[in-house]
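Trainee: Got a sequence here, can you build the structure:
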Amino acid sequence: MQPAYYENLEEIQNKYWSMLDDAVSNRASPFRIPVFICAHQNEVDGRIVVLRKSDRKNNLLQFHTDFRSPKVNILKNNNNASLVFYDKEEKIQLRVKVKCEVNNQNSITENSWKNTQHISRRCYLTDSPPGTISDNPTSGMISKLEDFDYSMEQSENGYKNFTVIKCKIKTIEWLYLAAKGHRRARFDIENKQNIWLIP
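Mentor: The predicted structure follows:
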C-alpha cells in the first residue's frame, strides 16, 4: 500500500515538514544533519550542519556556526545556498534551495544562545578560527575546556563567535524512492507553484 503522499502534493508537504520539525529535537533523525552547500565564484564548499529550527509558517530553516568560519565569508559574498536531506528508511530526499541571512550578536542569536547547552558552547570558545592550520592534532581549545572545566558564566565568552544562519526557503525538490515507481516534485515557494517532475 502506497503512503498518502505518493500522489498528493499537499500530503508531500505535510510529510516533509513533519520530518523537518521532528529533526530539530530528535537526535536520531537523519534529517537532523543535512549537507549544507554554498559557493562563491569557483569556491564551492559543502559540510554537515545540525538543523536547529524548522518554521513552516515562515518557510525557514536554521543552523548555528562560528562567525569566524569560512562559510560566513562565502555567504556574505553569495547568500544563495542549498541544503540536502536524505532519510534512508523513509527513502526520501529533499534538495532545498535557500537564501541565507547571517546573524551575529543580535536578538536572533541572543534567543538561540540562551537555549544552547553548556557542552555545546565550548565550540565557540576556541582561540583560533575553525580551519586554522595547526602543527599538532588539536581541538583548538585549552585543556580545561576539553575537560568541560568551565562555568556557564565563562562560556559567555563564546557568544561573540556564535552565529545563527537563517535560511529562507526558495524551492524544495522532493524525491521518494518506491518499488512501484519513484515520485518527484518541486515546490517553488517564491512563485507559489508546485509541480510534478520525472524522477
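Trainee: how far out from the middle of the chain is the helix or strand hosting Trp17?
Mentor: Trp17 is part of helix 9-25 when elements are defined by DSSP states H and E. On the basis of Cα atoms, centre = their mean, to the nearest Å, helix 9-25 sits 15 Å off its chain's mean C-alpha point.
Trainee: Identify each buried residue in that helix, please.
Mentor: Within helix 9-25, the residues scored as buried using 16 or more other Cβ atoms under 10 Å are 12-13, 15-16, 19-21, 23-24. Just so you know, the C-beta spots here come from the backbone N, C-alpha and C atoms, and that holds for glycine as well.
Trainee: Over to stretch 91-104?
Mentor: For stretch 91-104, by 16+ other Cβ under 10 Å, it's 92-98, 100, 102-104.
Trainee: so Leu197 makes contact with His182?
Mentor: No - taking contacts as Cβ atoms under 8 Å, Leu197 lies outside contact range of His182: 10.1 Å.
Trainee: rewinding a little: parallel or antiparallel, list what pairs with the helix or strand that the helix holding Trp17 is followed by.
Mentor: Per DSSP H and E, helix 9-25 leads on to strand 35-40 as the next helix or strand towards the C-terminus. Partners of strand 35-40 in the sheet, by DSSP bridges, are strand 43-48 (antiparallel), strand 80-87 (antiparallel).
Trainee: mean confidence score for the longest one?
Mentor: Taken as a whole, strand 80-87 has an average pLDDT of 98.
Trainee: How about the contacts made by Trp17?
Mentor: Contacts for Trp17 (Cβ atoms under 8 Å, 6 or more residues apart in numbering) come out as 54, 56.
Trainee: Distance check, it against Arg184.
Mentor: Going from Trp17 to Arg184 by Cβ to Cβ, to the nearest Å gives 18 Å.
Trainee: again with Ser107
Mentor: Ser107 is 39 Å from Arg184, by Cβ to Cβ.
Trainee: Please say which of the two ends up with more neighbours.
Mentor: Arg184 (15 against 8; other Cβ atoms under 10 Å).
Trainee: Who are the packing partners of whatever helix or strand the more buried one lives in?
Mentor: Assigned by DSSP H and E, Arg184 belongs to strand 183-188. In terms of contacts (3 or more Cβ pairs under 8 Å, 6 or more residues apart in numbering; DSSP states H and E), strand 183-188 is packed against helix 9-25, strand 162-176, strand 193-197.
Trainee: would you turn the ones you listed into CSV with mean pLDDT and distance to Gln41?
Mentor: Listed next are these as CSV, based on pLDDT from 0 to 100; distance: least, Cβ to Cβ, whole Å:
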stretch, mean pLDDT, distance to Gln41
helix 9-25, 98, 31
strand 162-176, 98, 20
strand 193-197, 98, 29
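Trainee: do you know which of these lies nearest Asn73?
Mentor: strand 162-176 (11.7 Å; Cβ to Cβ).
Trainee: Run me through the strand neighbours of that closest one, direction for each.
Mentor: strand 60-66 (antiparallel), strand 92-104 (antiparallel), strand 183-188 (antiparallel).
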